[in-house]
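Enquirer: Any chance you could fold what I've pasted below:
(2 chains)
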Amino acid sequence: MRKTVSRIVFFASLFALWELLVRARFWPDYLLPAPGGVARAMTDGFRDGDFLAAIGGSLRRLVIGYAIAIVAGIVIGLLIATVQWLNDTLGLLVMGLQALPSICWLPLALLWFGLSEKAIVFVVIMGAVLSIAQATADGVRNTPPIYMNAARNLGARGIRLYTSVVLPSALPSIVTGMKLGWSFAWRSLMAGELLYALPGLGHLLMLGREMNDMSQVVAVMLIIVILGLLTDHLVFGQWERRIRRQRGLASAR
Amino acid sequence: MRLELRGVSKAFDGSRRVAALEKINVTIESGEFVCIIGPSGCGKSTLLSIIAGLEPPTSGDVVASGSRILMFQDGALFPWLNVCENVEFGLRFLEGNGERTQRAMQLLKLVHLDGFAEARIHELSGGMRQRVSLARAIAVDPAVLLLDEPFGALDAMTRSILHTELQEIWAQTTKTIVFVTHNVREAVVLGDRVLVMSPRPGRIVAEHRIELPRPRVIDSPPVSALARTIGEEVMAHA
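Expert: Got it, this is the predicted structure:
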């Protein structure tokens, strides 16, 4: 309750400050749009269907790339955590590539896949896959040996040892990696869409710039923030809390 | 089922070779309750691991047919599963495991935990966790049940309740049990036979057949008296 109140007060003051700055005319309104203008751009955008189409296009690329990244990331993570020579080689590559912002793959991706959706999806995959692989590997390596012994003793062998013990035990770590991967995927997607025009939120931002319509730019930025908050809170937040509650880990709020 | 250890030895190769177990020869009869006592570090847990097949002996043989299930000191229950799913765990890997949940429920009843099937592991007390762990071990109907200091971390009262329950369960299921502990009284209360181990290298140095009538109580004079005698012997070899 207290939290809700302080949040409302905080954001109301933020909007008030914004409105105040606009009215004080420190900057011309093509540099700093008014809240009212942004709200209008928002309603216009949704009424025309432009925003929904852009959200749909962006989310489709994001979900396809992210889904591939989850599967690939978990497989790579399992491999480098369990096979020593793969850890020495592929493990190092995964660690090294994490230093590379995934948008750097765009020039190559455009050469490989042409001017198509695939190039952007590839950039999204490269954004998410490494952190998921790394977190999976960490979680698998940290599986308590006593769980493995207990499971082997009770008859778990081979692949079933992995599905029944290793992956469940690593799940909290994998979810953390997936959460991180999601935010990397999202950033990569936006960067990709800004650089290379396909119907999507990033493209709307560029359109706003070209038309000198800062209200639209800020409206799209707000949409991106809201989408990010929603997935973080509703999807990953809930999931993490559920896991923590089930396992009696230090309770998450 | 009969369990036979023939000259089982175990050495660990580190910076120098450490002999953990040396030529252990033991025969355990079907349905027998054998306790192994000895000070910490005498290789008791290693011996159970070898009997369970979790690690190979350096030399010697474990002769047994049928499964040997180990119950760990801290229970080793899986926190991502609830109580019932933990008990069912081993049944997943057996053939023809049609009524898994039903079987798990029966076992929870046996360990007096009916009503806790849906509980999460972290919601249970230490004693309850060990009961779940025992139920999980019995669920797969092992030929031999191996218990590695299962009640070591519990308070005296819970421990004594579990002693009674374990004796009842043993009487009902007629399992062969090998029970490792460093508590001499516990060994005297539970065992048909008590084997005394010495440390570095672990060897069986003495054997006592416990003829006291059951059920035995940990504070009763005969148990205390016998425990004192055996305890002095353990100290002499430590």
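Enquirer: Burial check on residue B:49, number of neighbours?
Expert: 20 (other CB atoms under 10 Å in any protein chain shown). Heads up, the C-betas are built off the backbone N, CA and C, glycines and all.
Enquirer: For the residue of chain A positioned farthest from its centre, give its distance to residue A:65.
Expert: Distance from the C-alpha centroid of chain A peaks at residue A:153, with 39.7 Å (CA atoms, centre = their mean). Between residue A:153 and residue A:65 the computed distance is 41 Å (CB to CB, to the nearest Å).
Enquirer: what about stretch A:88-105, how long is it end to end?
Expert: Terminal residues of stretch A:88-105 are spaced 24 Å apart (CA to CA, to the nearest Å).
Enquirer: if we look at that stretch, which residues are touching it?
Expert: A:76, A:79-80, A:122-124, A:126-127, A:130-131, A:133-134, A:137, A:184, A:188, A:191-192, A:195 (CB atoms under 8 Å, 6 or more residues apart in numbering or on different chains).
Enquirer: these two touch, right, the residue farthest from the centre of chain A and residue B:55?
Expert: No - at 11.1 Å, residue A:153 does not count as touching residue B:55 under the criterion of CB atoms under 8 Å.
Enquirer: can you list contacts of the helix or strand hosting residue A:5?
Expert: Here residue A:5, judged by DSSP states H and E, is contained in helix A:2-24. Under the criterion CB under 8 Å, 6+ apart, residues A:27, A:29, A:32, A:33, A:34, A:35 lie in contact with helix A:2-24.
Enquirer: Identify, from those residues, the entry nearest to chain B.
Expert: For those, the minimum distance to chain B (CB to the nearest CB) is 46.9 Å, reached by residue A:35.
Enquirer: Let me see the confidence value for that closest one.
Expert: Residue A:35 carries a pLDDT score of 88 in this model.
Enquirer: mind listing what it touches?
Expert: Applying CB under 8 Å, 6+ apart to residue A:35 gives the contacts A:15, A:18, A:19, A:22.
Enquirer: quick check, nearest of these to residue B:46?
Expert: Nearest to residue B:46, judged by CB to CB, of these is residue A:15 at 68.1 Å.
Enquirer: okay, the closest one: pLDDT?
Expert: pLDDT, residue A:15: 90.
Enquirer: where's the residue positioned nearest the centre of chain B relative to residue A:62, distance?
Expert: Centroid-nearest residue in chain B, with CA atoms, centre = their mean: residue B:147, separated by 1.4 Å. Taking CB to CB as the measure, residue B:147 falls 52 Å from residue A:62.
Enquirer: do the same with residue B:24
Expert: Taken as CB to CB, the span from residue B:24 to residue A:62 is 61 Å.
Enquirer: And the buried ones among the contacts of helix A:2-24, selectable in PyMOL?
Expert: Per 16 or more other CB atoms under 10 Å in any protein chain shown, the buried members of those correspond to this PyMOL selection:
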select buried, chain A and resi 33+34
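Enquirer: Which ones among the contacts of helix A:2-24 map onto strands?
Expert: With strands taken from DSSP state E, there is no overlap with the contacts of helix A:2-24.
Enquirer: any chance of the contacts of helix A:2-24 in JSON lines, plus distance to residue B:38?
Expert: As requested, the contacts of helix A:2-24 are arranged in JSON lines below (distance: CB to CB, whole Å):
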{"residue": "A:27", "distance to residue B:38": "82"}
{"residue": "A:29", "distance to residue B:38": "85"}
{"residue": "A:32", "distance to residue B:38": "79"}
{"residue": "A:33", "distance to residue B:38": "79"}
{"residue": "A:34", "distance to residue B:38": "82"}
{"residue": "A:35", "distance to residue B:38": "77"}
